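**Q** Fold the stuff below for me.
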Amino acid sequence: MQQLRRPGSLRPLRLLATATAAGLVLSACSPVVDVAPAKDAANAACAPMMVALPDSLGDAKLRKTNSQATAAWGDPSLVVLRCGVNVPGPTTDRCVSVNGVDWVMKEGSPVWTLTTFGRDPATEILMDPNKISSATVLAELSASASKIKASRNCVGQADLQNLPTGQ
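**A** The predicted structure follows:
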């Protein structure tokens, strides 16, 4: 006995096949970014931050990475983020506060390293300031980074001058 098919009954299958093929083609255009995970990438405190990351930084779109607690934006990657890096201790490196999040800045050539200060686990951003503004990156990532609670803040020269003396 031959089964009768209604007209259009194959249409949903064709649409699914087309969508799957299109997805494979599009993902082939933007390969997964190879990012080494941080030592403490499996720390559960990274999860709330990772799900709060923006879909873009300026014109750079979020891309898939191959490691836990990592992210990258741009093609080629303009910004790479890793959660679970070593927490910075006291430092004389420049520290900036953006939207309530303190960042330690190490200016390299050409890549800068920006690391959250006073948050455990710490988050690291690698970026080239000649290709994307550090102000844009920090402004757009601070809300996500604030999902990891701060326990300390950066202090500046003015703060040190106001400390009580050991009298």
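**Q** was I right about Ser67 contacting Lys39?
**A** No - between Ser67 and Lys39 no contact is recorded; they are 11.8 Å apart, counting by Cβ atoms under 8 Å. In short, each C-beta sits where N, CA and C put it, glycine included.
**Q** which stretches of this structure form helices?
**A** With helices called from DSSP state H, the chain shows them at 11-29, 46-51, 134-145, 157-161.
**Q** least reliable of the ones you listed going by mean pLDDT?
**A** Lowest mean pLDDT within those: helix 11-29, at a mean of 37.
**Q** what about the most centrally placed residue in the chain, distance to Asp128?
**A** Nearest to the geometric centre of the chain sits Leu81, at 3.8 Å (Cα atoms, centre = their mean). The gap separating Leu81 from Asp128 is 14 Å, by Cβ to Cβ, to the nearest Å.
**Q** Ok, Ala139 next?
**A** 17 Å.
**Q** what's the answer for Ile148, then?
**A** For Ile148, the distance to Asp128 equals 25 Å [Cβ to Cβ].
**Q** Counting neighbours, go ahead and name the busier of the two.
**A** Ile148 (22 against 16; other Cβ atoms under 10 Å).
**Q** Skip the chain neighbours and tell me the closest residue to that one.
**A** Arg119 (4.5 Å; Cβ to Cβ, 6 or more residues apart in numbering).
**Q** That neighbour against Lys147, yeah?
**A** No - with contacts counted by Cβ under 8 Å, Arg119 stays clear of Lys147, the gap being 9.4 Å.
**Q** Those two: which has the busier surroundings?
**A** Arg119 (23 against 18).
**Q** Which residues lie in contact with the more buried one in this structure?
**A** Taking Cβ atoms under 8 Å, 6 or more residues apart in numbering, we find Arg119 in contact with 87, 101, 145, 148-151.
**Q** cool, Val80 as well?
**A** Per Cβ under 8 Å, 6+ apart, neighbours of Val80: 33, 35, 70-72, 125-127.
**Q** ditto for Val98
**A** By Cβ under 8 Å, 6+ apart, Val98 lies in contact with 135, 138-139, 142.
**Q** Can you spell out which residues form a bridge with it?
**A** Under DSSP bridges, the beta-bridge partners of Val98 are Val101.
**Q** Then Leu114?
**A** Met105, Ile125.
**Q** what's the neighbour count on the closest residue in space to Phe117 that isn't next to it in sequence?
**A** Computed as Cβ to Cβ, 6+ apart, the closest residue to Phe117 that is not its neighbour in sequence is Asp102, at 4.1 Å. By other Cβ under 10 Å, the residues close to Asp102 number 21.
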